[in-house]
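J.: Structure for this input, please:
(one chain, ligands or ions: 1)
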Amino acid sequence: MNELISHLSAQYGAEHARILTGYSAERPVSLRVNSLKADVGEVIAALQSLGGEVEIHPWYSAALTVRGLTESRISETNLFREGKIYLQSLSSMLPPLYLEPKAGESILDMTAAPGGKTTELFALSEGKALITACERDKIRYDRLVFNLARQGAGRVFAMRQDACDLDDFLSFDKILLDAPCTGSGTVSSLLPVRFAEEFLKKCVARQEKLLKKAYRLLKKGGTLVYSTCSVLMEEDGEQALRFAKATGAALVPISAPDGAPTLPSPAGTVCICPDARYEGFFLAKFQK
Ligand code: SAM
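T.: Numbers count the residues shown, from 1 in each chain. Predicted coordinates:
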């Protein structure tokens, strides 16, 4: 943890204390209602009948936070088993919203497992986008396939493969790269820190390779959303600016949802600070 703290302190100065407070905050359970299988009213009523105190998020009507019920209690419900809800952090619901999937569009979710964002993309397009979900890890791929089926997203085409090896012959209208990262935004009492300088370097190199591949697979005029659950500039703002410079991709300015706590990041990108509602997260949007 000390290595990460010195890194954050060098990067953010006194502001790094907000991140450390966020790491120790206890967040309420958050979940996304799967609009393909349930409506929000039905889910709220069921959770309230179990004693949950439910709040809808102003920026996404499918995003709920629940106090008074644990994740494990919620995962015993029929709502969960039938795929009517998906346990997901608020921050991790953002990338699909910024990608704005529409019916008929070809969309690649490059690093997709366990599928929270793939199933959200599918639901946002009302089940009408043509989504390919790629994942290289066998165990995580199996989980992805399971989640796709449970969430009623069986029409999503799942591929078990290293996304860097996808055929350049393929092309997509939109790509989500929710990249593998150090996870420095999601540190909590339950998630131990995995930070080391060597690990950070590896993550940065992997992200760079995946970004370059994403650019090759994107149609001209197509949209890419790049996200990480990290608050380290090397994986976030610096990575995004280097990518834009190297490829000529245009940064499409985005802003954080109302009320979300942010950290300094390059103009037009968003870095969410971990707090009592949000996990730390980074987002940038590009057009080819
Ligand atoms: N988007 C997912 C979700 O919301 O459920 C989470 C993705 S997680 C941050 C990153 C995933 O990328 C991991 O499952 C990891 O196994 C996978 N991955 C890492 N490198 C990859 C690569 N080169 N090709 C495909 N998948 C990769």
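
J.: Ramachandran coordinates for the residue of the chain positioned farthest from its centre?
T.: Within the chain, the residue lying farthest from the chain centre (CA atoms, centre = their mean) is residue 49, at 29.8 Å. With angles defined as degrees, to the nearest 10, residue 49 sits at phi -70, psi -20.

J.: Same check on residue 245?
T.: Torsion angles, degrees, to the nearest 10, at residue 245: phi -70, psi -40.

J.: Pull out the buried positions in stretch 83-101.
T.: Buried residues in stretch 83-101, defined by neighbour count with 16 or more other CB atoms under 10 Å: 83-86, 88-99, 101. Backbone N, C-alpha and C define where each C-beta goes, glycine included.

J.: The ligand next: which of those residues are close?
T.: With CB under 6 Å from any ligand atom as the criterion, the buried residues of stretch 83-101 include residue 92 near the ligand.

J.: hmm, back to that, state the distance from the residue farthest from the centre of the chain to residue 43.
T.: Residue 49 is 11 Å from residue 43, where distance means CB to CB, to the nearest Å.

J.: For the stretch 1-150 of the chain, just list every one of the strands.
T.: Under the criterion DSSP state E, counting those that start in this stretch, strands of the stretch 1-150 of the chain are mapped to 29-33, 53-57, 60-67, 85-87, 106-109, 130-135.

J.: just so I know, which of these lies nearest residue 285?
T.: Of all the strands of the stretch 1-150 of the chain, strand 106-109 sits nearest to residue 285, with 14.0 Å by CB to CB.

J.: Spell out which strands sit alongside the closest one in the sheet and which way each one runs.
T.: According to DSSP bridges, strand 106-109 forms sheet pairs with strand 130-135 (parallel), strand 172-178 (parallel).

J.: and the helix or strand just after the last one with strand 172-178, angle?
T.: Next in sequence after strand 172-178, counting helices and strands by DSSP states H and E, comes helix 197-217. Using axes from the mean of the first three to the mean of the last three CA atoms, to 10 degrees, the inter-axis angle of helix 197-217 relative to strand 172-178 is 170 degrees.

J.: Run through who's touching helix 197-217.
T.: 3, 7, 108, 110-111, 163-164, 166, 168, 170-172, 175, 177, 179-182, 224, 226, 228, 230, 232, 234-235, 239, 242-243, 246-247, 249, 288 (CB atoms under 8 Å, 6 or more residues apart in numbering).

J.: For that helix, give the mean pLDDT please.
T.: Helix 197-217 shows a mean pLDDT of 97.

J.: Please identify the buried residues of it?
T.: Here helix 197-217 shows 200, 203, 204, 206, 207, 208, 210, 211, 213, 214, 215, 217 as buried, counting by 16+ other CB under 10 Å.

J.: which of those are close to the ligand?
T.: residue 210.

J.: what residue is smack in the middle of this protein?
T.: Most central in the chain (CA atoms, centre = their mean) works out to residue 92, at 3.6 Å.

J.: how close does that one sit to residue 47?
T.: With CB to CB as the criterion, residue 92 and residue 47 are 20 Å apart.

J.: likewise residue 28?
T.: Going from residue 28 to residue 47 by CB to CB gives 12 Å.

J.: Looking at these two, which is more packed in?
T.: Per other CB atoms under 10 Å, whichever of residue 28 and residue 47 has more neighbours is residue 47, with 23 against 17.

J.: and the residue lying closest to the more buried one once chain neighbours are set aside, what does it touch?
T.: Spatial nearest neighbour of residue 47, chain neighbours left out: residue 54 (5.2 Å); criterion: CB to CB, 6 or more residues apart in numbering. Residue 54 makes contacts with 44, 47, 48, 64, 65, 66, as judged by CB under 8 Å, 6+ apart.
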